[in-house]
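**Q** 3D model of this:
(chains A and B)
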Amino acid sequence: DGGITQSPKYLFRKEGQNVTLSCEQNLNHDAMYWYRQDPGQGLRLIYYSQIVNDFQKGDIAEGYSVSREKKESFPLTVTSAQKNPTAFYLCASSIPATGTGELFFGEGSRLTVL
Amino acid sequence: GEDVEQSLFLSVREGDSSVINCTYTDSSSTYLYWYKQEPGAGLQLLTYIFSNMDMKQDQRLTVLLNKKDKHLSLRIADTQTGDSAIYFCADVYRASKIIFGSGTRLSIRP
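**A** Residues are numbered from 1 along each chain as shown, chains lettered A, B, ... in the order given. Now for the predicted structure:
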């Protein structure tokens, strides 16, 4: 079945370490997104990519980095520069703008900084 | 910028109707969405409404859109325990960026 796979589901990190969250999709979607979810704050956009080898900053990109070398993959690195990285991270993809704009989400990765 | 607002919590009795409300600010929205998030999981699209519609019904779900007041609501009839989740309203801002509300946590009491 087609879908979006995020890994790992749970991740613990010591302060000062970089971590990379994986996001893979087999839906053949052009656009991919990373959101951060904190309790009571909804979803905030970190980075998005509308095409391979291109990506743009979202509303809270500081302390994060991404790459889009393949259509199906959009990994997110949480760097040591991110001051408060403990959160639930969601990856999503969508079909081009001619569709309804529906986002398809992965199951999420929960990062805890110890 | 665009803002989408929802109340954070709603508690209803099993079998009653749940009504979750949302307000938005972007008058150029083409689609408005309701997503559902179950505990520890990602979001799934529950339903959406095109901006030239006033109402959309899909089984137990009814979406009402008041464009004049920029108000969107989701009604769940005969609420069941499986409906316990966080419900997010979302809007497409300037035809390119999806803005989410803070989410309404629906809890069901017996």
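
**Q** in chain A, which ranges drop under the pLDDT threshold?
**A** Applying pLDDT under 70 to chain A picks out residues A:1, A:96-99.

**Q** Three-state assignment for B:Gly82, please.
**A** Taken by DSSP: H, G, I helix; E, B strand; the rest coil, the conformation at B:Gly82 corresponds to helix.

**Q** now do B:Val63
**A** When states are read from three-state DSSP, the local structure at B:Val63 comes out as strand.

**Q** Who are the contact partners of it?
**A** By CB atoms under 8 Å, 6 or more residues apart in numbering or on different chains, the residues touching B:Val63 are B:Trp34, B:Thr47, B:Tyr48, B:Ile49, B:Met55, B:Lys56, B:Gln57, B:Leu72, B:Ser73, B:Leu74, B:Arg75. Heads up, the C-betas are built off the backbone N, CA and C, glycines and all.

**Q** Is it correct that the fourth one is in contact with B:Lys56?
**A** Yes. Using CB atoms under 8 Å as the test, B:Ile49 is close enough to B:Lys56 to be in contact (4.7 Å).

**Q** Would you mind telling me which of these two has the busier surroundings?
**A** Using other CB atoms under 10 Å in any protein chain shown as the criterion, B:Ile49 and B:Lys56 rank with B:Ile49 on top: 19 against 14.

**Q** quick revisit: possible to save the contacts of B:Val63 as CSV with distance to B:Phe9 and secondary structure?
**A** Converted to CSV, those look like this (distance: CB to CB, whole Å; DSSP: H, G, I helix; E, B strand; the rest coil):
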residue, distance to B:Phe9, secondary structure
B:Trp34, 17, strand
B:Thr47, 21, strand
B:Tyr48, 24, strand
B:Ile49, 24, strand
B:Met55, 26, strand
B:Lys56, 25, strand
B:Gln57, 25, strand
B:Leu72, 18, strand
B:Ser73, 16, strand
B:Leu74, 15, strand
B:Arg75, 17, strand
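
**Q** and of those residues, the nearest to chain A?
**A** Out of these, the one with the shortest distance to chain A is B:Tyr48. That distance is 6.0 Å, counting by CB to the nearest CB.

**Q** where does chain A come near chain B, residue by residue?
**A** For chain A, the contact set with chain B under CB under 8 Å from any CB of the partner chain comprises A:4, A:6, A:35, A:40-43, A:45, A:90, A:92, A:97, A:100-108, A:110.

**Q** what about 7 Å?
**A** When proximity is defined as CB under 7 Å from any CB of the partner chain, chain A approaches chain B at A:40-43, A:90, A:100-103, A:105-108.

**Q** tally of neighbours for the one residue in chain B that gets nearest to chain A?
**A** Among the residues of chain B, B:Gly42 lies nearest to chain A; the distance is 3.3 Å by CB to the nearest CB. Counted by other CB under 10 Å, the residues lying close to B:Gly42 total 22.
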